[in-house]
Every structure is written in structure tokens, then in C-alpha cells.
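[1] no sequence on hand, only this structure:
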């Protein structure tokens, strides 16, 4: 069985863009959508109705939410100390898979990277009890991977100033922490030399959206795509979603 997972930052709650967001989700035809900036449950409910993904979850004040065509055995938000956003745990009992959705602290500077690293370490500590089972961690990491080029020309002036104050570059500790923890980057597993830019939709030049799975399950990654179709994908949000196919057995 193949599980199609879509990770999608819908920007500022998605209010007023429900039709465009739903068009993108329907075109991707996912089994599960892990949402970020899904702070308005009314929007997530409308997306559920418009896409036929009948199971959904969102909570006011939380960035992460989900949509699913599979029965959700349980879901919960966890808020480790020091993290800005709670991470979301979704258990799909009939699939034998557990998904974790996250949205890490934004801003590009060495100080915000230190905070993201603390957040990801707290998440990994929090899910240690589940690390033997098949699971994936997906979301907007707001971080660059080791070895990837930082292209600043498309950033607002204030972000370029923060990067300049950080030594004209930013650290890659957040993603390195995932790799050191034994996880593999789905995009890099299948696209070694391709940029995979997911942000912003009007001039993509940064890869911020990831899905990781434990290294022992690497062979289960069958497809990973920055989903830029249909045309609504350019206006529905400032992020393109990431679509990943995972074999569940």
C-alpha cells in the first residue's frame, strides 16, 4: 500500500483562499495533508468538505493541523518547552503509520537557527518512544539543509540585514540534527542534485519544506515532489506543498 502525504503551509490561516487551496490539494490527490499555519479550524473544516478528506483536525492558536481520508486513531498536539509552535501527532491505525507535523520558528539568523535546533531536539526527545515504528516527520522547517546554497536576493531587506549580522550566512544545524538522529531527507533521497525550492511561490529560491523518515525506512520513499500544479498553487499560499509517496509495508 502507498500512502500519499502532502505537507502544506497554507499561509496565515488560509482565510479567503479556501477555493484555491482546495484546488491544489485535490490536484495532488493525497491521503493525508499535514498543514502549517492552519490556525483557523473553520478554514480546515471547509478544506475537508471541499476535498473529500473527511477526517480533519485543527485548533485555534496552533499552526499545525491535518486532513485525512484514512481513519485517524488518535491525534494530539504536543508543546515541548522552548518551542514556538506545538507539533502535531497523527496516528493512522489502519495504515500502521504515525505522522508528526511541525512548523519551526521562522526568521533567518544564527539566533533563530539556535532556537530551531532546540525545537527539533525537543521534538525528537518527545517522540523517542515511537522511534522503532514506521513514522515520518513533515512540515515547514524554516531551515536550510547542510551544503545547500543560501540565495538572499529574493529576501526582504530586513532579512538580508539579519543574515549579514549573522556572518553573511546561516547555520544548518536544524537539518543536521535530523540527519544525526538517523533520519533521511525524502527530497535528497530521490533528487541528489536538484534544488527542490518550495518558497516563495512567486520566485522560488529556498527549500524550507521537508519530510523525514528513519533511515531504516528509506526504501519506502517512492516519490517526492514539490507540487507546483495546478496554476492555483502560485496564489493559494506563499509555499508550494511537498508531496511524498511512502510504501507502508
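    Cool, got the structure. Since the structure is predicted, the reported quantities are computational estimates derived from the model, not experimental observations. Residues are numbered from 1 along each chain as shown.
[2] which residue packs closest to the residue most central in space within the chain, ignoring adjacent ones?
    For the chain, the residue whose C-alpha lies nearest the mean C-alpha position (CA atoms, centre = their mean) is residue 139; its distance is 1.3 Å. Among residues not flanking residue 139 along the chain, residue 102 sits closest, at 4.0 Å (CB to CB, 6 or more residues apart in numbering). C-beta coordinates here come from the backbone N, C-alpha and C atoms, glycine included.
[3] helix or strand for the one you found, which one?
    When secondary structure is defined by DSSP states H and E, residue 102 falls within strand 97-103.
[4] give me the residues contacting the next helix-or-strand element following that strand.
    Later in the chain than strand 97-103, the nearest helix or strand by DSSP H and E is helix 110-126. With contacts defined as CB atoms under 8 Å, 6 or more residues apart in numbering, helix 110-126 is touched by 78, 80-84, 87, 100, 102, 104-106, 137, 141-143, 166-167, 170-174, 177-178, 181.
[5] residue contacts, the nearest residue to residue 195 once chain neighbours are set aside?
    Nearest residue to residue 195, sequence neighbours excluded (CB to CB, 6+ apart): residue 207, at 6.4 Å. By CB under 8 Å, 6+ apart, the contact set of residue 207 is 144, 145, 148, 187, 195, 196, 197, 198, 199.
[6] I'd like the residues you listed as CSV, with secondary structure, distance to residue 53 and neighbour count appended.
    Formatted as CSV, those follow (DSSP: H, G, I helix; E, B strand; the rest coil; distance: CB to CB, whole Å; neighbours: other CB atoms under 10 Å):
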residue, secondary structure, distance to residue 53, neighbour count
144, coil, 31, 21
145, coil, 29, 18
148, coil, 32, 16
187, helix, 23, 24
195, coil, 29, 15
196, coil, 25, 23
197, coil, 26, 20
198, coil, 21, 26
199, strand, 24, 21
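[7] before we move on, the earlier item: pairing partners for the helix or strand harbouring the residue nearest to the centre of the chain, with directions?
    Using DSSP H and E, residue 139 sits in strand 135-140. If you go by DSSP bridges, strand 135-140 pairs up with strand 97-103 (parallel), strand 209-214 (antiparallel).
[8] so that strand versus helix 110-126, what angle?
    Inter-element angle recorded for strand 135-140 and helix 110-126: 160 degrees (by axes from the mean of the first three to the mean of the last three CA atoms, to 10 degrees).
[9] dump the strands paired with strand 135-140 to a markdown table, plus mean pLDDT, distance to residue 112 and mean neighbour count.
    Output for the strands paired with strand 135-140, formatted as a markdown table (pLDDT from 0 to 100; distance: least, CB to CB, whole Å; neighbours: other CB atoms under 10 Å):
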| stretch | mean pLDDT | distance to residue 112 | mean neighbour count |
| --- | --- | --- | --- |
| strand 97-103 | 94 | 13 | 25 |
| strand 209-214 | 96 | 17 | 24 |
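[10] mind putting these in TSV, distance to residue 227 included?
    Shown next, in TSV, are the strands paired with strand 135-140 (distance: least, CB to CB, whole Å):
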stretch	distance to residue 227
strand 97-103	17
strand 209-214	10
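[11] quick one: find the helix or strand in this protein with the lowest mean pLDDT.
    Lowest mean confidence among the helices and strands of the chain (mean pLDDT, DSSP states H and E): helix 157-165, at a mean of 69.
[12] so after that helix, what's the next helix or strand?
    helix 173-180.
[13] give me the distance from that next one to the chain's centre.
    Mean-position distance between helix 173-180 and its chain equals 15 Å (CA atoms, centre = their mean, to the nearest Å).
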